[in-house]
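K.L.:
got a predicted structure plus its sequence, pasted below:
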Amino acid sequence: MIVEARNLKARVLLETSINLFVNGALGVLTGIALLYLAMKVLAITLGRDHSYHLSSKSKTH
Amino acid sequence: MPFLDQLGFLSLTPGMVVMWGVGLTLIYLAINREYEPLLLLPIGFGIMVANLPLTGLMAPSEGLLWRFYHYGVEWEVAPPLIFLGLGAHTDFGPLLSQPRLVFLGAAAQGGVYITFFAAQAFGFTLKEAASIGIIGGADGPTTIFLASQLAPHLLGTCAVAAYSYMALVPVIQPPIMRLLTSEQERAIRMRRTRKVETREKLVFAVVAAMLIVLLVPASAPLIVMFMLGNLFRESKVVERLTETAQNALMNIVIIVLGLGVGATMEASTFLRTDVLFIFVLGLFAFAASTASGVLLAKLMNVFTDDKINPLVGAAGVSAVPMAARVAHKVAAEVDKKNYLLMFAMGPNLAGVIGTVIAAGIFLAMLQQ
């Protein structure tokens, strides 16, 4: 009984650790990926190339 | 005689004297070696005075240092205010000009999780293991923020370990960087970055805060203040607030935080064998974070023609700007004209954000 209880406790601990690792790694990667996308969108919409592109366009028209 | 009863000398214990030695060592390192002096000096002094008998400095609800600790650290005030100052010092330009480098900040969190498992193998509880693992992020305020809530009894040790290793970045990182890279890789010159518009930086501060808080609400106290400080800086319309956040406020908070953290290190809580394990695991976390950043940069090079110097991966640990400077210095050993600092600042800042996200997830899952 005592051995079983110990094994169960160890298994729960391991599962919680793995759960923490998976959630943590996923969370960090998702957060960083979101920031990457945000930066890409900002570069396209507000970056210097964009303003140059707009100004040169207006001149040609 | 009442006077003799009040003599501190008679109440001294050997443990207290040993802790004076620990405090003096930190003060020595801060003054003579300039190892993170802003934090290690008040922490060292805090340790010494907290281990003077009969002072009542750490008496709950009454002691001066207890108030610093309680209202500054336990109430989660000091670390977010330090993040406000850090944000006001931060220029996201290098990161915005090379968005792909943000992934190196995520990779450098590898050490946090490896150490989290290692700490459990040494018998630490989940909460303690998380507080020890986060040392690998090399971010002092985040370490204090997390440890104060998950494992307050380890707060002082984790904080001292984090700041000690941050100070030792120039010693710890270069051998790992050299070991994992060839001379040819260290000589890679990265393509010049574009100029980033102020409006991009402004919008990024707001968008990044919203995105991260929506993803990991528990990280809000740190990330919100970090981005607010950055918004102050980039808006250029609140110079007074920027200047205050960067200097006066940050300095006051550092004094309160340093003394408060140092005062938690009384002999009874510090002179234990597990403290030694924490320092060893902290060093391991730091080394593993450095290695995982470098290795991801190498992996990214397999898939791209626009090569990344793998040394910038080591700057994914948050120690800003020391880790970026070290990457630059190691690259300069091979090619003196290779100016890597600006490139390394990108992963360095991403590392700060990555560590905050990792801490937020630990907090959300363990603080129940």
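P.N.:
The structure has been received and is ready for your questions. Just so we're clear, the structure is a prediction, and the values are computed from it rather than from any experiment. Numbers count the residues shown, from 1 in each chain, chains lettered A, B, ... in the order given.

K.L.:
quick one: buried residues of stretch B:15-34?
P.N.:
Neighbour counts over stretch B:15-34 (16 or more other C-beta atoms under 10 Å in any protein chain shown) mark B:16, B:19-20, B:22-23, B:26-27, B:29-30 as buried. C-betas here are computed from N, CA, C, even on glycine.

K.L.:
could I get the residues you listed as JSON lines with distance to chain A and secondary structure?
P.N.:
Output for the buried residues of stretch B:15-34, formatted as JSON lines (distance: C-beta to the nearest C-beta, whole Å; DSSP: H, G, I helix; E, B strand; the rest coil):
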{"residue": "B:M16", "distance to chain A": "36", "secondary structure": "helix"}
{"residue": "B:M19", "distance to chain A": "33", "secondary structure": "helix"}
{"residue": "B:W20", "distance to chain A": "38", "secondary structure": "helix"}
{"residue": "B:V22", "distance to chain A": "31", "secondary structure": "helix"}
{"residue": "B:G23", "distance to chain A": "34", "secondary structure": "helix"}
{"residue": "B:L26", "distance to chain A": "31", "secondary structure": "helix"}
{"residue": "B:I27", "distance to chain A": "36", "secondary structure": "helix"}
{"residue": "B:L29", "distance to chain A": "32", "secondary structure": "helix"}
{"residue": "B:A30", "distance to chain A": "32", "secondary structure": "helix"}
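
K.L.:
so which residue is smack in the middle of chain B?
P.N.:
In chain B, the centroid-proximal residue (C-alpha atoms, centre = their mean) is B:D139; its distance is 1.4 Å.

K.L.:
distance of that residue relative to chain A?
P.N.:
Separation of B:D139 from chain A (C-beta to the nearest C-beta, to the nearest Å): 13 Å.

K.L.:
before we move on, what about B:L39?
P.N.:
In terms of C-beta to the nearest C-beta, B:L39 sits 25 Å off from chain A.

K.L.:
that residue: neighbour count?
P.N.:
Counted with other C-beta atoms under 10 Å in any protein chain shown, the neighbours of B:L39 add up to 28.

K.L.:
what's the answer for B:P37, then?
P.N.:
17.

K.L.:
so what's it up against?
P.N.:
B:30-31 (C-beta atoms under 8 Å, 6 or more residues apart in numbering or on different chains).

K.L.:
what do you get if the cut-off is 6 Å, keeping everything else the same?
P.N.:
By C-beta atoms under 6 Å, 6 or more residues apart in numbering or on different chains, the contact set of B:P37 is B:A30.

K.L.:
for it, grab phi and psi.
P.N.:
For B:P37, the backbone dihedrals (degrees, to the nearest 10) come out as phi -60, psi -30.

K.L.:
next: B:L283.
P.N.:
Dihedral angles (degrees, to the nearest 10) for B:L283: phi -60, psi -40.

K.L.:
what's the closest non-adjacent residue to it?
P.N.:
Distances taken as C-beta to C-beta, 6 or more residues apart in numbering or on different chains place B:Y165 nearest to B:L283, at 6.3 Å, with adjacent residues excluded.
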